[in-house]
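J.: A structural model of the following input is requested.
(2 chains)
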Amino acid sequence: MSSTTENDAPLQDWIDGARTMTVLFPATLPFGMIAGLTAAKAGFGATLGIGHSAAIFAGASQIAMLQLMMEDAAPIVAIMTVLLINLRFAMYSASLSQEFRGLSTPQKWAAAYLLTDQAYALSQLRFARHPEMTAESRFRFFIASGLSLWLVWMASTALGYYLSAGLPPAWGLEFGVPLTFIALLVPGLRDSATVVAACVSGTIALAAAPLPYNLGLFTAALAGIAAGYLYESRIKPLPGNEDLT
Amino acid sequence: MSPLASWIVVIAAGLGTFLIRLSFLQLADRRELPRPFVRALRFVPAAVLSAIILPAVLKLPDGTLDYAPRKPEDHRRAHCRRRRMDHEERALHHPQWHGSILAAQLAHIKMDYGPFFCLSLPQ
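T.: Numbering: from 1, shown residues only, chains lettered A, B, ... in the order given. Alright, predicted model coming up:
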């Protein structure tokens, strides 16, 4: 805590993490408001209506859960739907585990709680650009971006909850969400193998869209990953990877 | 659903989601992940994001997908029609959307904003 050079780098990680996430705030705010106003329409009290955003912290699954609850679906169906939609986080978890090797258990728990599409994708872009980052440094960047998104998510849920009566549905609050994902996808398409993965996955996601409970997404993602992997192994190996099949 | 049941659903869903997120983070240090598995992880962001975006962008209010090529003006008109529909009513009347509510939430996409938004990302 004495020399400034020791403190500069950690502080910079926190600042960079939070600052990078700010570009996604405009798209997150309306999405969080939808979660809040859907919770109000589902008849949730303020604690649960806003608190469910902290408990789950995954917008698409929250809204799906609330819709099911409004229709008096069985509780187990609502729970399983949330878990199926959020199964993709297992893939993110596996991917981040390679970056976060050697971190303490509390650090891993904090990172797991703050793991979202946005924080994951932004961090992957950052880590790919700065391979010299240490696990601790990566952790600080990730937590800063995740925490700033969490604050916006909670504030926007509360805003949506309390404004629910006054918000006309015709506002189309949800239009920003796919833009977020497009903005996260495009910078990550750095070589032909990732493009193959994205194309195969997108095509299969379209074909499998009628499947219930986001199973299409999961199937498509697995197929896309397999396609990228096979393309890289068999057709266009990266330099230095020729020995791998 | 009763208030108690609502609390149970939210807590169970939250706990389950946390465990999914924690899964590999917690396990990876104790057990070496197979090398092909680690190599495949590189494709996770592109594959998952692409699988979220494409159906969301092309989904129509009746739950079918908008594959057919159209003239630009037709597309714009269909798009305006889509925006005017009450999204919530649509979601309730189309059970096939319940499993992919993200897509349901995203029915009114402005694809033309995409490139502009990308430009605002830091390099």
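J.: now for the worst-scoring helix or strand of chain A on mean pLDDT, which elements pack on it?
T.: Within chain A, no helix or strand scores below helix A:176-185, which has a mean of 75 by mean pLDDT, DSSP states H and E. Using 3 or more Cβ pairs under 8 Å, 6 or more residues apart in numbering or on different chains; DSSP states H and E, the elements in contact with helix A:176-185 are helix A:25-41, helix A:117-129, helix B:44-58, helix B:114-119. Every residue, glycine included, has its C-beta placed from N, CA and C.
J.: so which bits of stretch A:142-153 are buried?
T.: Under the neighbour-count criterion of 16 or more other Cβ atoms under 10 Å in any protein chain shown, stretch A:142-153 has A:142-150, A:152-153 buried.
J.: so what's the gap between it and the chain middle?
T.: Mean-position distance between stretch A:142-153 and its chain equals 11 Å (Cα atoms, centre = their mean, to the nearest Å).
J.: now the phi/psi pair for residue A:58, please.
T.: Backbone torsions of residue A:58, given as degrees, to the nearest 10, read phi -150, psi 100.
J.: distance of it from chain B?
T.: Between residue A:58 and chain B the computed distance is 6 Å (Cβ to the nearest Cβ, to the nearest Å).
J.: and residue A:69, by the same measure?
T.: Residue A:69 is 5 Å from chain B, by Cβ to the nearest Cβ.
J.: after the strand or helix carrying that residue, next one along is what?
T.: Per DSSP states H and E: residue A:69 is located in helix A:59-70. Using DSSP H and E, the helix or strand that directly follows helix A:59-70 along the chain is helix A:75-85.
J.: buried residues of the top helix by length along chain B, list them for me.
T.: Longest helix of chain B, by residue count under DSSP state H: helix B:3-27. Within helix B:3-27, the residues scored as buried using 16+ other Cβ under 10 Å are B:6-7, B:9-14, B:16-18, B:20-26.
J.: how about residue A:184, nearest residue that isn't a chain neighbour?
T.: Nearest residue to residue A:184, sequence neighbours excluded (Cβ to Cβ, 6 or more residues apart in numbering or on different chains): residue A:121, at 3.9 Å.
J.: hmm, stretch B:48-61 in reach of chain A?
T.: Yes: using Cβ under 8 Å from any Cβ of the partner chain, stretch B:48-61 reaches chain A at B:48-59.
J.: in contact with residue A:100, which residues?
T.: Residue A:100 is in contact with A:107-108, A:111, A:135, A:138-139, A:142, B:25, counting by Cβ atoms under 8 Å, 6 or more residues apart in numbering or on different chains.
J.: looking at it now. What's its pLDDT?
T.: For residue A:100, the pLDDT comes out at 94.
J.: pLDDT on the helix holding residue A:69, on average?
T.: 86.
J.: kindly report the same for stretch B:33-52.
T.: 86.
J.: any stretches of chain A with poor pLDDT?
T.: A:1-8, A:167-177, A:213-214, A:237-245 (pLDDT under 70).
J.: how about 80 then?
T.: A:1-9, A:71, A:165-181, A:183, A:210-215, A:236-245 (pLDDT under 80).
J.: what's near enough to touch the residue nearest to residue A:119 when sequence neighbours are not counted?
T.: Take residue A:119 and drop its neighbours on the chain: the residue closest to it by Cβ to Cβ, 6+ apart is residue A:146, 4.1 Å away. Listed by Cβ under 8 Å, 6+ apart, the contact partners of residue A:146 are A:17, A:21, A:111, A:114-116, A:119.
J.: still on that earlier bit, against which helices or strands is the helix holding residue A:69 packed?
T.: helix A:25-41, helix A:46-56, helix A:75-85, helix B:3-27, helix B:101-105.
J.: closest one to residue A:232 among these?
T.: The closest of the helices and strands packed on helix A:59-70 to residue A:232 is helix B:3-27. By Cβ to Cβ, the value is 21.3 Å.
J.: which helix is the longest one in chain A?
T.: helix A:135-163.
J.: that older thread, tabulate the helices and strands packed on helix A:176-185 (JSON lines), appending distance to residue A:87 and mean neighbour count.
T.: Shown next, in JSON lines, are the helices and strands packed on helix A:176-185 (distance: least, Cβ to Cβ, whole Å; neighbours: other Cβ atoms under 10 Å in any protein chain shown):
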{"stretch": "helix A:25-41", "distance to residue A:87": "20", "mean neighbour count": "23"}
{"stretch": "helix A:117-129", "distance to residue A:87": "13", "mean neighbour count": "22"}
{"stretch": "helix B:44-58", "distance to residue A:87": "10", "mean neighbour count": "27"}
{"stretch": "helix B:114-119", "distance to residue A:87": "26", "mean neighbour count": "14"}
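J.: what's the closest of those to residue A:198?
T.: Closest among the helices and strands packed on helix A:176-185, once you apply Cβ to Cβ, is helix B:44-58, at 4.0 Å.
J.: same for the closest one, what does it pack against?
T.: Secondary-structure packing of helix B:44-58 (3+ Cβ pairs under 8 Å, 6+ apart): helix A:88-99, helix A:117-129, helix A:176-185, helix A:192-207, helix A:215-230, helix B:101-105.
J.: now residue A:185, nearest residue through space, not along the chain?
T.: Nearest to residue A:185 is residue B:49, by Cβ to Cβ, 6+ apart, at 4.0 Å.
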